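>>> 3D model of this:
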Amino acid sequence: MPSNQEDQNSLDLQQYSLILRRHWLAIAAVTVSVFGLSALIAIRQKPIYEAEGKLLFSKTDRVSSLTSPSAQVGELSSVTQLSSPLDTEAEVIRSNPIVEKTITSLGLVDKPGRPLEIDDFLKKIKIKSVRGTDILAISYSSRNPQEAADVVNLLMRYYLENNIRINQTQATVAQKFLSKQLPEVEARLVKAEAALRQFKEENRVIALDQEATKGVERLADLSDQITQDQANLTEAETRSQLLQRQLRLNSQQAVDMGNLSQSKAVQEVLTQYQQVQNELAVGRTRYTDKYPAIANLAAKEAALKKQLEMRISENADSEKSEKQHNLGMGELKQTLVAQLVESDVERSALANRITVLQNAYALSQRRLSVLPQLQEKQQQLEQQLQVAKSTYEELLKRSQEVEIVVNQNVGNARVVSAALLPKKAVSPKIALYLALGGFLGILLGIGVALMLEAMDQSLKTLEQAQQLLGYPLLGTIPHLGQKAKNGGEALVELPVRDNPYSAASSAFEMLQTNLDFTISDKPLKVIAVVSSTPGEGRSFVAANLAVAKAHMGRRILLVDADMRHSCQQEIWKLSNPVGLSNVLVGQAEFRSTTQEVLVNLDLLTAGTIPPNPAALLDSQRMALLIQEAAKDYDCVIIDTPALSLFGDALMVGKITDGILLVVRPGVLDCAVAKSTQMMLEQSRSRVLGMVVNGITADSGYIYHSQKGYYDKNSNERNSKGELKFPNIRIS
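The predicted structure is shown next:
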């Protein structure tokens, strides 16, 4: 399937190529005409000059973001993703106020002398962005080079003035806005500072982060101290209980005992008392109680006892009897009593310390629990203060900047290249006009060729002839061209005789060979050569076919039956005093009328032109003449008039073995060809086939020269002019 498609495409291209070759003269004429017209228009046009200037744009102007510290309000940017800032500025340059001001300032007028319209001005101006840059190129076309430069420069100046005026207006508006906003922002700043200060004073806040860190560390220390003191308290209580059990004293008693043992007054009285008791006990062993010494000792004992009790009551709260029992302690007991007192004191101190630590822990814990809330509140107040402070500082800075901008001529564009006086004209571009004219000329010429092809109803190719007529193709005769001769005769009429090595000679030999195979049951003796219209080369084909058959060693009779416009005597350069018409009316004998024009080839010319050729050709004498000639010759070839003009060929066809139809592309009309086919079918003529004459490359058939082949295998003729080895081939 792809191969068939490629073949079809190749055929289509070949057909178009053939069409262009056939109408090359019309194509050339149209191309030259359009090309010349384009050249004339280009030469006659007045020169047009174009001046160009360039503007460089910055992303933001000096007024950008003056009113808003957080946004670029005046930024030179697009509103949508599809729009371009430079395109927007280009439209501003094209705006009516700027254009109208430029036209008025320069006094621009049109051809009638009226002020130039804005639309006409915009047609002459071009504004485009330079790719990859922030530059706009502005150009203006005019027949006056000075005017072109002035327009561009003045247009850029008016645009910059307009841009500066807009920026100054924006700066003034920004200044008013800032002067109104600054007091309000300053009041918010003062309020934020006061709120933060009040918060810190009320909550005793210095550095919450450090306080939180140290508070956690303090809680850990307090917890460790409480744990350690509780352990020490337990140890002290245990030690105190053990000492109390050993001494059989409670804590208060141990304290009292310790105080009494350390009091000198008590110990002195106690010593004296014990000494008196000892003396009394020793004396009673000797004396009675009434003994004065004993009585004195007893009285002294009583006095000392009373004094001791008094001293004990002064130094202790316990009962005197209990204290007297324990006043006489040994050193070990005194040590234990001291340890008991010390342990009791330590226990009391530890209990008090734990209470204090627990209270401190509770206070620290409560403080830490409120620190997150305090931090959050402090952050909010600090953020408010920071926002107010930054806003105030930014507005203050912008206020100072806008005061400068208000008094300056500042814009977001500047001229980077002023328009210079153009030296060369940009139009007309003669080379472009000529190239365009040539292209349009060729295109129009091809269109004319296709139109002529559509209007031309003649057969143009070999394939069309086969499709339209449907007869077997017996041969194709190439177009011979022209050959200048001294006698002024242009056409080569007998190439088979005069140039046996030519492609035409090979084509006729192939034709006569194919004719021999058209009828298989009997020899082909009588052939009528017929054409549809004059000019198809019918007589030329008949003469050369006769020569080709004669070269094969056959005796051939060529009969010129076209008694209306005879051609054979001209082809063979013979006179025509007596011929076929004279034989048919009985004025001459057949055998004496024929002329030998070549070895094995006799010619019977048309003779005198009769008043009614059709009657002679349709007569019994004509049929008898052909029968007699068929007996004397191997083949009889009859040249007949064109079918579209006369019916002579159909009358002759009835007495022949078959008709050879000559077709010439470019000469035969399709309608005439169809009519010829219908006449042949209605007359029931036996058409052997058709031979296509005048084949060129435009007809879709190409011949190749085989002279080299014949040079290598040269054919020799005998003394009579016959070919010994007629081995001509067609490619």
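
>>> Going by neighbour count, which residues in stretch 144-154 are buried?
Pro145, Glu147, Ala148, Ala149, Asp150, Val151, Val152, Asn153, Leu154 (16 or more other CB atoms under 10 Å). The C-beta positions use only the backbone N, C-alpha and C, and glycine is treated the same way.

>>> What does the pLDDT read for Thr172?
pLDDT for Thr172: 77.

>>> three-state assignment of it?
Put simply, Thr172 is helix when judged by DSSP: H, G, I helix; E, B strand; the rest coil.

>>> count of residues packed around it?
Thr172 has 14 neighbouring residues, counting by other CB atoms under 10 Å.

>>> now do Glu394
Around Glu394 there are 15 residues (other CB under 10 Å).

>>> Then Asp110?
11.

>>> How about Asp119?
Neighbours of Asp119 (other CB under 10 Å): 8.

>>> now swap in the one 10 residues further on and tell me
Under the neighbour criterion other CB under 10 Å, Ser129 is assigned a count of 17.

>>> One more: Glu509?
26.

>>> rewinding a little: among the buried residues of stretch 144-154, which are in helices?
Among the buried residues of stretch 144-154, the members falling in helices (DSSP state H) are Pro145, Glu147, Ala148, Ala149, Asp150, Val151, Val152, Asn153, Leu154.

>>> Could you dump the residues you listed into a markdown table with distance to Val583 and pLDDT added?
Output for those, formatted as a markdown table (distance: CB to CB, whole Å; pLDDT from 0 to 100):
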| residue | distance to Val583 | pLDDT |
| --- | --- | --- |
| Pro145 | 92 | 88 |
| Glu147 | 94 | 88 |
| Ala148 | 92 | 87 |
| Ala149 | 97 | 90 |
| Asp150 | 99 | 91 |
| Val151 | 96 | 91 |
| Val152 | 97 | 90 |
| Asn153 | 102 | 92 |
| Leu154 | 102 | 91 |
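
>>> so where do the helices sit in the stretch 151-300 of the chain?
For the stretch 151-300 of the chain, the helices defined by DSSP state H, counting those that start in this stretch occupy 208-247, 251-262, 264-284, 292-315.

>>> looking at these, which has the lowest confidence?
Among these, helix 251-262 scores lowest, at a mean of 59.

>>> would you turn the helices of the stretch 151-300 of the chain into CSV with mean neighbour count?
Converted to CSV, the helices of the stretch 151-300 of the chain look like this (neighbours: other CB atoms under 10 Å):
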stretch, mean neighbour count
helix 208-247, 15
helix 251-262, 19
helix 264-284, 16
helix 292-315, 16
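
>>> among the ones you listed, which is nearest Gly689?
Nearest to Gly689, of all the helices of the stretch 151-300 of the chain, is helix 208-247, at 117.1 Å by CB to CB.

>>> other SSEs contacting that closest one?
helix 251-262, helix 331-406 (3 or more CB pairs under 8 Å, 6 or more residues apart in numbering; DSSP states H and E).

>>> can you put the helices of the stretch 151-300 of the chain in TSV and add distance to Leu189?
Output for the helices of the stretch 151-300 of the chain, formatted as TSV (distance: least, CB to CB, whole Å):
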stretch	distance to Leu189
helix 208-247	22
helix 251-262	68
helix 264-284	79
helix 292-315	75
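
>>> of all those helices, which lies closest to Ala548?
Smallest distance to Ala548 across the helices of the stretch 151-300 of the chain (CB to CB): 123.8 Å, for helix 208-247.

>>> Quick one: distance of that closest one to the chain centre.
Remark: helix 208-247 is offset 81 Å from the chain centroid, using CA atoms, centre = their mean, to the nearest Å.

>>> okay, the angle between it and helix 145-202?
20 degrees (axes from the mean of the first three to the mean of the last three CA atoms, to 10 degrees).

>>> circling back: identify whichever of the helices of the stretch 151-300 of the chain lies nearest to Lys549.
With CB to CB, the closest approach to Lys549 among the helices of the stretch 151-300 of the chain belongs to helix 208-247: 128.0 Å.

>>> Run the angle between that closest one and helix 331-406 for me.
On the basis of the same axes, to 10 degrees, helix 208-247 is oriented at 170 degrees to helix 331-406.

>>> pLDDT weak spots in the stretch 551-700 of the chain?
697-700 (pLDDT under 70).
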